[in-house]
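A.B. asks: Let's see this in three dimensions:
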Amino acid sequence: MEHLTTLPLSALPQVRVLGRHADRQPQTLFWTGSGIELQFTGSELWVEWNAGYDIMEPWVSVELDGAWVARFAVNPGRSRSCIFRGMAPGRPKHVRILKDAQAMYDDPAHFLQIEGLAFAEGEFLPLDPPRHRIEFVGDSITSGEGAIGTQGEQDWTGVLFSARNNYARLTADALGAEYRVVSQSGWGIVAGFDNDPRHALPAYYTRVCGVARGDQNRQRGAQEPYDFAAWQSDAVVIHLGTNDDHAFANPPWVDPVTGQASQLHSLPDGTFDPQDAARVEQGVRDFLALVRRHNPQAVLVWCYGMMGCGLLPVIRAGLDRYRQETGDGRVQMLVLPALTPETTGALNHPGLAAHQAAARVLTGCLKTWLEPDSPA
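C.D. replies: The predicted structure follows:
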């Protein structure tokens, strides 16, 4: 090993921090797809980590010049990972490191930090600016649950989450965009799949990472208001509703403190209770208004359909109502290709082929908004 220089990210302004993050050092990677991107001309590069968890270990993927060259779980405590060594100095190497594991509401001990980079014989070069900035808001599909691993795998574990085999990453790369993800498995518009009203993602949208609980994550900046002005989205893709649909078919959630039950009800004939359907419709309308307030220039695309279309009429009604009430013409509903037996991945979730199919449709849609003069 050559003599290495070690610097914190704060001393390397050419390194781009990916994903929502707070102004804290060392840099905490909260969400799926968070990480770093850089161009380095040296012969050797290492990342210095600090990590922890009780339930889900933080997995990461490493890309070198666009190729997926490594994937591993970061060990608890402080550690160092070699990204490459023994390479010819002088030639720029493009590196992107993505956190595969989602933020963990149920594991306050889960965290991943980059404490610094250690390197030899080179310099960090400025990155080209992205053509667009896209934010993705969703559930397990957007977290990449089951997007890696074989069909039949049913263990809920970090190894089966992927930021790279993910429609968000595929869409962003196709459009030359930098992207950020806000997603949580099992969560919905007004309730999670288990009818827990605490698992409604819109309530956490305005924080850096509101789902990351506990004093340690609070100190890392998770609960701070997110600075939307510092990273204005050109598009916000919302992919919620699948878990609300499941909630209608599931038993009530009972608050362990108050004993009060909460449920989205189905009628005896299997249709949605009109009052509860109206709650979801209102939730769609209110979330679009919240997203628009913080992203005034972005196109808003609400996606649905990869894992069923049961709530499509309700979601569409909420979107139409928002448009009618606000006159906002930069909002669109987009139905994505449905999961098939051939495109199913692990955990009965979309696999890579399903994410690729969704990305093709979404890329075409966003291109008409973001690049209207480009060839189809």
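
A.B. asks: and the nearest residue to A70 once chain neighbours are set aside, what are its bridge partners?
C.D. replies: Of all residues not flanking A70 in the chain, V62 sits nearest, at 4.0 Å (C-beta to C-beta, 6 or more residues apart in numbering). In this view, the C-beta of every residue, glycine as well, is placed from N, C-alpha and C. Beta bridges link V62 to A70, I97, judged by DSSP bridges.

A.B. asks: Renumber starting at 140 from here on
C.D. replies: Happy to do that; since the first residue is 140 now, the last one works out to V201.

A.B. asks: residues near V201, how many?
C.D. replies: Residues lying near V201 (other C-beta atoms under 10 Å) number 21.

A.B. asks: Give me the mean pLDDT for stretch 342-355.
C.D. replies: Mean pLDDT, computed over stretch 342-355, is 97.

A.B. asks: tell me which residues of it are tucked away?
C.D. replies: A342, Y343, Y344, R346, V347, C348, G349, V350, A351, R352 (16 or more other C-beta atoms under 10 Å).

A.B. asks: what sits up against it?
C.D. replies: 159-161, 169-170, 242-244, 247-250, 276, 321, 323, 356, 359-365, 426, 429-430, 433 (C-beta atoms under 8 Å, 6 or more residues apart in numbering).

A.B. asks: Strands - which of the residues you listed land there?
C.D. replies: Those of those mapping onto strands are F250, V276, V321, per DSSP state E.

A.B. asks: Tell me the one of these nearest P511?
C.D. replies: Ranked by distance to P511 (C-beta to C-beta), the ones in strands among the contacts of stretch 342-355 are led by V276 at 23.8 Å.

A.B. asks: Tell me the confidence at S513?
C.D. replies: 79.

A.B. asks: Which secondary structure state does the nearest residue to it once chain neighbours are set aside sit in?
C.D. replies: Of all residues not flanking S513 in the chain, K506 sits nearest, at 6.4 Å (C-beta to C-beta, 6+ apart). Assigned state for K506: helix (three-state reduction, DSSP: H, G, I helix; E, B strand; the rest coil).

A.B. asks: Pretty sure K506 sits against T310.
C.D. replies: No. With contact defined as C-beta atoms under 8 Å, K506 does not reach T310; the gap is 10.0 Å.

A.B. asks: ok, these two, which is more surrounded?
C.D. replies: Comparing K506 with T310 by neighbour count (other C-beta under 10 Å), the higher total belongs to T310, at 26 against 17.

A.B. asks: distance of that one from N389?
C.D. replies: T310 is 31 Å from N389, where distance means C-beta to C-beta, to the nearest Å.

A.B. asks: Likewise for P147?
C.D. replies: 46 Å.

A.B. asks: Show me the helices in the stretch 290-439 of the chain, by range?
C.D. replies: 306-313, 354-358, 381-388, 413-433 (DSSP state H, counting those that start in this stretch).

A.B. asks: Could you dump those into CSV with distance to A286 added?
C.D. replies: CSV is the format used below for those (distance: least, C-beta to C-beta, whole Å):
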stretch, distance to A286
helix 306-313, 9
helix 354-358, 25
helix 381-388, 15
helix 413-433, 24
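
A.B. asks: Outside of stretch 212-220 itself, list whatever touches it.
C.D. replies: Residues contacting stretch 212-220 (C-beta under 8 Å, 6+ apart): 185-192, 196-199, 211, 251, 254, 257, 297-298.

A.B. asks: got the end-to-end distance for it?
C.D. replies: Start-to-end span of stretch 212-220 (C-alpha to C-alpha, to the nearest Å) is 11 Å.
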